[in-house]
Every structure is written in C-alpha cells, then in structure tokens.
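**Q** structure, please.
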Amino acid sequence: MSWIQKVVLLLLVAQLSACLSGTKEVQQSEEASALQHLIIPIKTIEDSPKDNLKDLEPFKEVIGDSRVVLLGGTAIGDGSSLKAKTRLVKYLHDKLDFDVILFESGYYDTYKVAVELQEMVDPVLSAQEGIPVKWSASKQTAPLFKLIGEENIQVAGFDCRFSSNNAKTYLAIDLESYLMRSPVRKLKGWKTYKSILSKMTKQPEHVPTEKNQKVFWEMMDTVRYAIKKSPKGEDRNRWERVLDNIEQHHKSVWKGEPAIRREQIAKNILWLLEEKYADEKVIVWSSALNTIYQANDLQQLVEEVVPKDNELEVDSVNTDTVLIKQIPYEQSNPNNLGALLKKELGAQVYNIGFTGYGGKNRFDDEIRIIPNAPANSMESLLKETGYRYSFLNFRSEFPADHLLKQARVCRAVEHENLSCDWTKQFDGLFYIELLEENVMVSNE
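**A** Purely as a prediction, here's the structure:
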C-alpha cells in the first residue's frame, strides 16, 4: 500500500468515527461554545519570579471597583487551588493595590504573625506559628508568605477559635503581662481562669467542670473591667477584641453551639473591614464552604439502592435499581461568611470559587484520587473548551435561560458533587483541569 493510499484510508477512518459519534460531540460542542465568550484563558498557576501576570490582566475589569475579594479554595488538601490563589494574590497586590489579607485563622494568633513580620522575622516560619498549617506549612503557599514579607502586606485573622502555636505559647502569658499592674491577678479565681485559658489554647474542644466554668465566667467579667480601665489606645482596643473572641469561643464549645462561632467570625471581619482597614482593599483567604453566598441551595447527589421485588416481577432479572436523588448538603452553614458579606457589602465583594476536573487531594496524611467529573457537570464543560486553566466570570451579562443559570453539578465545595445555580454562589469560577495534592513541608 502506497503512502497516498495510507493517508486516504486514515482520513476515511477519521470521518467514519466522527459520523458514528457525531450527535454527542455536536451537542457537547454547542454547550462548550456557549461559554467561549465568557471564558478567560489562564496561562499558568505556577509562581515564577519572571512572571509578568499578563494573562491575569482581564481581572482588572472583572474585579472592577470591588473592595473585597473572597478566595475560597475547594478543600484543605487541594494544592492546586493554593497555587492559583497565591498567583491571584500577587496580581491583586501588584496591579490593583490590595494590601491586606484576612485569613480564616485565630484573631490573636495572626496578630502575633503581623508583629513578627514588622520585626523582620522569616515570613514563612512566622506564618507556620500563627496561621493554620494546612496553608502556612504548604509548599504551594511558600511564595505567598514570602511575598507578604517582602511587600509588607498586612495580615489579620478573623476566627475566634485558637488555631496555632502562637495561642498555645503566648496568649495566657501576654494577657497576664498586660494586666501586670491590675489587682485582678491577685484574686482567688485568677489561677483557675488562666489554667482554663491555657488548656483551651492547646485543646480547643476542652470542656471544664461546671464549677470551673462558673469561676471562669466570674473572672471574665473582672478581666473585662480591668482591661476597660487600662490606658486608651491600640493595645486596649486589641485586648478588648481578644477577650471578646475568648468569650465567644468558650461559649461556642461549652454550649455546643457552632452558630456562636460563625456569628463571631462575622463580627470580627466586619470590624476589621470597617475599623482597622477602613481605607484598604482587602483579600479574604478562606474555604469555599465558608465563602459561598447561598449555602441552603446546595443539593448533594447521592445514590439510593432500591431492591428488585421478585414476587411482583418473577420473570425479570434479579438486579437492584440505583436511583440518584438530591438531598440538602449536610455541611452547609446558611449564615456563613459569604452570605454575611454579600448582605452587608453587595457589589463591593467579588467572590472567586475554584474547581478541577480530576486529580489528587490530601486528606490528613493520605493522598486520595479525585475521580474525573461526571458528564454534563460544570467541570466537564470547561474541560471541553480545551483550556488547562480558565476563569468564568459569572457577572457577565447572559439571559436567564442560559446554561449557566441551570442547576448543574459542580465540585467547587469539598470536591463534592453538588448541584445548584452556581452563578448565585460565586461571582466567578477558576477552573484547573488536573488537581494536585497539598504538599506539606514536613512531608518532603
């Protein structure tokens, strides 16, 4: 067979294959093509000193006049979204003057990081002492904390929960030092109060005896009064805020009411935005579970096995029927951070979610495979557009019957197959085709 005959044969085979699968591919192409004018291609998620960030320039128009940008990663163990978030922070800071990052970490813990950064302590090591290790001890975020140190980016935490070694090591000692001139330290209940506070920083879920809880609350009122009587200034304001966080964290744990913690997180972040950083553009670094706008809309797809009734269908094959049904996502928190900021700040907030087609994820010390996204999911549509990395701007103008407005499976929250209208959850979606696991420094 001559080479011309071989070429002709290959072309005929290709045409035949296209004909046999034509209907499916045409349908997929129609849906994918409907997204093309909304997609922003992204060159890379890798950090590089020579990176000019030109591919991220469309974000200037996307973000617009928004003062707050939410970055909610898919899950704790997703290293790829950490890379993408780090590169976006670099762009937002370098090009759009976002000079503050608020982390979902302890208010007191992260304050200590900020102090150390001013004292020129190694920013990566400092972050590991005050910001949850899922972020601070990740190899993928090391460039982020180097950037924070080099550019003097301000950092703060908005959680009332103790989250790091800083609280374990310094909180009780720092409070006692601040109250050095106050008689409160000589009161009978002070040792019990300090002991409970120290134990809670090491074991945040610890619940003391009812007797010791009573002593703690009595002393809390006394400590609060002592701080109120201390000299006015930034130190007093900070300790009033720290004490408020201590109180709400203890109430949340001892009463078994997580809503108390969520309410305090909301108060903290609004205080930071309105008081401490009133004139600043702010990045909020959290998880998608906390940043989505309408958690109540999330529907989880689950399988229900219905046994075959052989008495009714004697001649049928004895197989079970598997039904796919939707149930409300059990981890949803309706009064979460995203909902609060959307209500309070409206269009001043731009909320970015992250998702991927498949890959790997770290769960504790175990690496788990993330199966490829199901057909007709948001991820499968984005994969078909041909970009390894891309961004969908949900604030674009498109009709109410557009495919993005339809309930569709997406895995932007904890890699779960969740269904809803995702344009109501985020303002934009960052797509990564192949996800890699979070690589911890200690696991090198």
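
**Q** the stretch 201-350 of the chain: helices as residue ranges?
**A** Taking DSSP state H, counting those that start in this stretch as the test, the helices found in the stretch 201-350 of the chain are 210-228, 234-254, 258-271, 288-291, 337-345.

**Q** which of the residues in the second one are buried?
**A** In other words, helix 234-254. For helix 234-254, burial by neighbour count (16 or more other CB atoms under 10 Å) applies to 238-239, 241-254. Every residue, glycine included, has its C-beta placed from N, CA and C.

**Q** which residue is nearest the centroid of this structure?
**A** The C-alpha lying nearest the average C-alpha coordinate of the chain belongs to residue 287 (CA atoms, centre = their mean; 1.4 Å).

**Q** contact partners for it?
**A** Contact analysis of residue 287 by CB atoms under 8 Å, 6 or more residues apart in numbering lists 72-73, 75-76, 104.

**Q** repeat that for 10 Å
**A** Each residue near residue 287 by CB atoms under 10 Å, 6 or more residues apart in numbering is listed here: 71-76, 78, 81, 104, 134-135, 336-337, 354, 413-414.

**Q** if I look at it, how far off is residue 76?
**A** 7 Å (CB to CB, to the nearest Å).

**Q** mutual contacts of the two, please.
**A** The overlap between the contact sets of residue 287 and residue 76 (CB under 10 Å, 6+ apart) consists of 134-135, 414.

**Q** can you pick the most crowded of those residues?
**A** residue 135 (24 neighbours; other CB atoms under 10 Å).

**Q** in what helix or strand does residue 112 lie?
**A** Using DSSP states H and E, residue 112 maps to helix 107-118.

**Q** burial measure for residue 379, as a count.
**A** Residues near residue 379, counting by other CB under 10 Å, number 23.

**Q** how about the helices in the stretch 1-150 of the chain?
**A** 3-20, 22-35, 58-63, 79-96, 107-118, 123-130, 133-136, 142-151.

**Q** check the offset of the last one from the chain's centre.
**A** This points to helix 142-151. Here helix 142-151 shows a centroid-to-chain-centroid distance of 19 Å under the convention CA atoms, centre = their mean, to the nearest Å.

**Q** quick one: list the elements packing against the next helix or strand after that helix.
**A** Sequence order places strand 154-159 as the next helix or strand after helix 142-151, per DSSP H and E. Here strand 154-159 touches strand 98-106, helix 107-118, helix 123-130, helix 142-151, helix 234-254, helix 258-271, strand 281-287, going by 3 or more CB pairs under 10 Å, 6 or more residues apart in numbering; DSSP states H and E.

**Q** thought residue 80 was touching residue 361?
**A** Yes - with contact defined as CB atoms under 10 Å, residue 80 counts as touching residue 361 (9.5 Å).

**Q** spit out the residues that contact those two alike.
**A** Residues touching both residue 80 and residue 361 by CB under 10 Å, 6+ apart: 74, 435-438.

**Q** among the residues you listed, show me the least confident.
**A** On pLDDT alone, residue 74 ranks lowest of the shared contacts of residue 80 and residue 361, at 89.

**Q** domain ranges for the protein, per the record?
**A** Domain ranges of the chain: 32-165+268-299+330-443, 166-261, per automatic domain parsing.

**Q** out of those, indicate the one that is most buried.
**A** Ranked by mean neighbour count, the domains of the chain are led by domain 32-165+268-299+330-443 with a mean of 19 (mean count of other CB atoms under 10 Å).

**Q** so what's the closest residue to residue 289 other than its chain neighbours up against?
**A** Computed as CB to CB, 6 or more residues apart in numbering, the closest residue to residue 289 that is not its neighbour in sequence is residue 413, at 5.6 Å. Contact analysis of residue 413 by CB under 10 Å, 6+ apart lists 72-75, 287-292, 295, 298, 300, 329, 331-332, 353, 355, 420, 422, 425.

**Q** what about 7 Å?
**A** 288-289, 292, 298 (CB atoms under 7 Å, 6 or more residues apart in numbering).

**Q** and what of residue 420?
**A** 297-299, 407.

**Q** sorry, back to before: columns distance to residue 170 and pLDDT on top of the shared contacts of residue 287 and residue 76, output as JSON lines?
**A** Output for the shared contacts of residue 287 and residue 76, formatted as JSON lines (distance: CB to CB, whole Å; pLDDT from 0 to 100):
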{"residue": "134", "distance to residue 170": "21", "pLDDT": "91"}
{"residue": "135", "distance to residue 170": "20", "pLDDT": "93"}
{"residue": "414", "distance to residue 170": "33", "pLDDT": "92"}
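
**Q** for the helices and strands packed on strand 154-159, which has the smallest mean pLDDT value?
**A** Mean pLDDT across the helices and strands packed on strand 154-159 is lowest at helix 258-271; the value there is a mean of 90.

**Q** counting contacts, what elements does that helix pack onto?
**A** Applying 3 or more CB pairs under 7 Å, 6 or more residues apart in numbering; DSSP states H and E, we find helix 258-271 packed against strand 154-159, helix 234-254, helix 337-345.

**Q** could you rerun that using 10 Å?
**A** Using 3+ CB pairs under 10 Å, 6+ apart: helix 258-271 touches strand 98-106, helix 107-118, strand 154-159, helix 234-254, strand 281-287, helix 337-345.

**Q** how big is the angle separating that helix from strand 154-159?
**A** Here helix 258-271 points in a direction 150 degrees away from that of strand 154-159 (axes from the mean of the first three to the mean of the last three CA atoms, to 10 degrees).

**Q** let me see the residues that make contact with helix 258-271.
**A** Residues contacting helix 258-271 (CB under 10 Å, 6+ apart): 68, 102, 104, 107, 156-161, 237, 241, 244-245, 247-254, 257, 277, 282, 284, 286, 290, 333-337, 339-341, 343-345.

**Q** list the contacts for residue 143?
**A** 46-49, 83, 86-87, 89-90, 124.

**Q** next, format those as CSV and append distance to residue 34.
**A** Conversion of those to CSV gives the following (distance: CB to CB, whole Å):
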residue, distance to residue 34
46, 30
47, 33
48, 33
49, 38
83, 29
86, 31
87, 28
89, 31
90, 32
124, 44
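
**Q** what is the lowest-pLDDT residue among those?
**A** The pLDDT minimum for the contacts of residue 143 sits at residue 49, where the score is 87.

**Q** report the contact partners of that one.
**A** The neighbours of residue 49, taking CB under 10 Å, 6+ apart as the test, are residue 143.

**Q** list the contacts for residue 82?
**A** Contacts for residue 82 (CB under 10 Å, 6+ apart) come out as 45, 71, 73-74, 76, 134-135, 138-142, 144, 285, 354, 436, 438-439.

**Q** identify whichever of the helices and strands packed on helix 258-271 lies nearest to residue 216.
**A** Smallest distance to residue 216 across the helices and strands packed on helix 258-271 (CB to CB): 7.2 Å, for helix 234-254.
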